[in-house]
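Engineer: model this:
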Amino acid sequence: MPIWPGTPYPLGATYDGVGTNFAVFSETAYYVELCLIDRDGSETRMRLPEIDGFVHHGYVNGVGPGQRYGYRVHGPWDVIGGTLANPAKLLSDPYGKATAGELDWDDSVYGYERGFSRYRPNARDSAGYVPISVVHDPFFDWGNDRRPRTPYNESVIYQAHVRGMTISHPGLPPQLRGTYAGLVDPAVVRHLTRLGVTAVNLMPVHAFVSNRELVDRGLHDYWGYNTLGFFAPHRKYSASTGNGAEVQEFKRMVLGLHEASIEVIVDIAYGHTGEGDHLGPTLSMRGIDNPAYYRLVSDDPRYYVSHPETGNVLDVVHPQVLQLLMDSLRYWVTEMHVDGFRFSSAADPAADRLGRFFDMVQQDPVIGQVKLIGDADTSGQLLTGWTLASGVRQIGTLPWLWGQWNDSYRDVVRDFWRGRCPTAAVFATRFTGSIDLYEGRRPFASINFVTAHHGFTLADLVSYEDKHNEANGHCNADGPDDNRSWNCGVEGPTDDEAVNELRLRQRRNLVATLLLSQGVPMLLHGDEIGRTQQGNNNAYCQDNELSWMDWELAADTGFTKFIAGLLTLRRAHPVFRRRRFLHGRRLRRGDPLPDNAWFSPTGIELSEEAMRHTAVHSLVLFLNGEGIGDLGPRGELIIDDSFLLWFNAEDRDVDFSPPPAEYGSLWKVVVDTTAGIVDRGRHEVGPDAVVTVPSRSLQVLRRIEQSE
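Structural biologist: Below is the predicted model:
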């Protein structure tokens, strides 16, 4: 089979309808062999004939979608110098758009001779034991696909795991469970639309591998942050057969969700790869150009600058790595039509290495138009694929376009409802958008959450005080110890009806607080039906019933309807999703009321001094619907109803009275977490009323006119 010169761009395997152009970067390689793999495993090798700017390339006529391929790199084997070329290793394409095969932890997957010497190259052929790349079909009929483009302040994010959410859904055909196709099945889409979410944030869908330590213990990577390729959808999440078919299936999923006006945000773990530390396998970048792709210790290139949980760190300063990341982001936006990215936790202790990446994202005409969300780890370090600064809180320092997970919000809300919030001001600041963290930006820069994939589920948060991670095989030493949880008096499951009723009320309190706060709320999949991980707060390796959604719980629809009702309330009232921060001031001179005010349960307004120094757990918030100050799409002033929120996190019933009459003379209860109602208008409250609010509960009241 002849190979022609081809072109150095684009990188990867590009099918043009007649043949395929192959291009791969390697500065250290003497030459690169393209290996075409037949279905029977036989291999045809051909040397890429041209090198331009360290890009080795060639064009093969007649090769098209479904063709499996890999590379063998011929170059220096110099462990001391950090170059690890070994042509006995079949390598996947860093730009590969689809994959085939699984990682079999045979000793041949290592570049060195395990058990002998790291400096001795391993001559055993790794073909048949490693994942390889597949030429994909780039043609897809998107029809009239339109991105929902939901504004941040109107967004409600639902964090989901493709496999975990659908693998046990009884309404799905067995072949669709755990797949992209299953996620867009009408049964699942109906659940999402009835709930009222506007976006799904999918945990990693990039091709990934399980590390050997897990496999040796009979476990597998479930979360998927151990990435093999940044362009290819994870093949095991596909119901389609045929090499590369997962690409088409992923696109159909996005298309179907867009038709339901649901955006697709995908997790990105760009900080590291699944090749691990210096003793890890040689699967792709390590064998193609180790010094270019990874950060090596400057005075001893045998080792990686690494994090103990990842083993390696990509060198984002290298122009080729920076191009790889930007090309990957553009590909997922332009070709896969995703609507945004969440940059998940990884590690790089150099704070100054990300400036170029942020600059390029900020000015990019494609990437800059989608949702960009950064992470924050449990210690408060901002993580967007890399740690910006070690030990320094960085929340709120991302560029203007970015949103960010607000772990301070999570911690304060959890503390408040378990009765341990330090001051009223701390809770008030988080509930109203965290202006201290995002001043100069907008409230929707704060991605608020109470639970996420790491940590307890909502049901476990009110059922366990201690983690129970024994199934992970680390003697319960993994996962965070400080969960800010409260088990309501009993650890784990119980038949005590009073405890179970309190737990349900606490779940309502937490989710009502989340969905009525200023900022963008994020729900964890399964929380709406009471999903439990039996106290496991680090289920990264639990690809089983412990982590999967138990759809039998959905038969009890009460809590799901409660959440849906809250989201309907939020959607109907812009006062809960403001585009500007609350300041406690009058919007214009002559306005009778401020945009918001905080009161004691007796109806007396709390001063700033009292808010800062009082550890109270019974509070009243007034939200002025006439003090929003925003304009609608046609320039109209946005006016809404006004609301009172009565928070009682005490362990006793508390009497509440409305604020002075100028704030409103008549109110109607529209949310009651004790009864689990939303917008029922159960009873009215006059200006002189005294209402006993049960312990650990929240009520929301809407101001009404006498005529109502």
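Engineer: next, count neighbours for E608.
Structural biologist: Look at E608: counted by other CB atoms under 10 Å, it has 10 neighbours. Quick note: C-beta positions are derived from backbone N, CA and C, even for glycine.
Engineer: for L514, same thing?
Structural biologist: Using other CB under 10 Å, L514 is surrounded by 25 other residues.
Engineer: what's the answer for R588, then?
Structural biologist: 8.
Engineer: distance-wise, check it relative to D640.
Structural biologist: Separation of R588 from D640 (CB to CB, to the nearest Å): 16 Å.
Engineer: what of D655?
Structural biologist: 28 Å.
Engineer: what do you get for P365?
Structural biologist: In terms of CB to CB, P365 sits 35 Å off from D640.
Engineer: between those two, tell me which one has more neighbours.
Structural biologist: Neighbours per residue, other CB under 10 Å: of P365 and D640, the larger number sits with D640, 18 against 7.
Engineer: the more buried one against R570, yeah?
Structural biologist: No: under the criterion of CB atoms under 8 Å, D640 is not in contact with R570, lying 11.5 Å apart.
Engineer: for the nearest residue to D339 once chain neighbours are set aside, grab phi and psi.
Structural biologist: Leaving aside its chain neighbours, D339 sits nearest to E263 (3.8 Å; criterion: CB to CB, 6 or more residues apart in numbering). Note on E263: backbone dihedrals following degrees, to the nearest 10 are phi -80, psi 160.
Engineer: let me see the domain layout of the chain.
Structural biologist: 12-134, 583-703 (automatic domain parsing).
Engineer: quick one, which of these is packed in tightest?
Structural biologist: domain 12-134 (a mean of 19; mean count of other CB atoms under 10 Å).
Engineer: could you work out the end-to-end span of that domain for me?
Structural biologist: 10 Å (CA to CA, to the nearest Å).
Engineer: for it, what is the distance to the chain centroid?
Structural biologist: Centroid displacement of domain 12-134 relative to its chain, using CA atoms, centre = their mean, to the nearest Å, is 31 Å.
Engineer: pLDDT (mean, whole number) over it?
Structural biologist: Averaging pLDDT along domain 12-134 gives 97.
Engineer: for the protein, which element, helix or strand, carries the lowest mean pLDDT?
Structural biologist: strand 382-383 (a mean of 33; mean pLDDT, DSSP states H and E).
Engineer: tell me which helix or strand comes right after it.
Structural biologist: For strand 382-383, the following helix or strand on the C-terminal side (DSSP states H and E) is strand 402-405.
Engineer: check which helices and strands that next one is in contact with.
Structural biologist: strand 371-376, strand 446-449 (3 or more CB pairs under 8 Å, 6 or more residues apart in numbering; DSSP states H and E).
Engineer: most neighbours per residue, which of the ones you listed?
Structural biologist: strand 446-449 (a mean of 26).
Engineer: helices of the stretch 101-250 of the chain, start to end?
Structural biologist: 162-166, 180-183, 186-195, 212-216, 245-259 (DSSP state H, counting those that start in this stretch).
Engineer: quick one, which of those helices gets closest to W405.
Structural biologist: Proximity to W405 (CB to CB) singles out helix 162-166 among the helices of the stretch 101-250 of the chain, at 19.5 Å.
Engineer: what's the average pLDDT for that closest one?
Structural biologist: On average, helix 162-166 scores 98.
Engineer: could I get the CA-only coordinates of that helix as CSV?
Structural biologist: Once non-C-alpha atoms are left out, helix 162-166 reads as follows in CSV (Å, rounded to 0.1, in the frame of the first residue of the first chain):
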residue,chain,number,x,y,z
VAL,A,162,-23.1,8.6,31.5
ARG,A,163,-22.9,5.0,32.8
GLY,A,164,-24.0,5.5,36.4
MET,A,165,-27.1,7.4,35.5
THR,A,166,-28.5,5.0,32.9
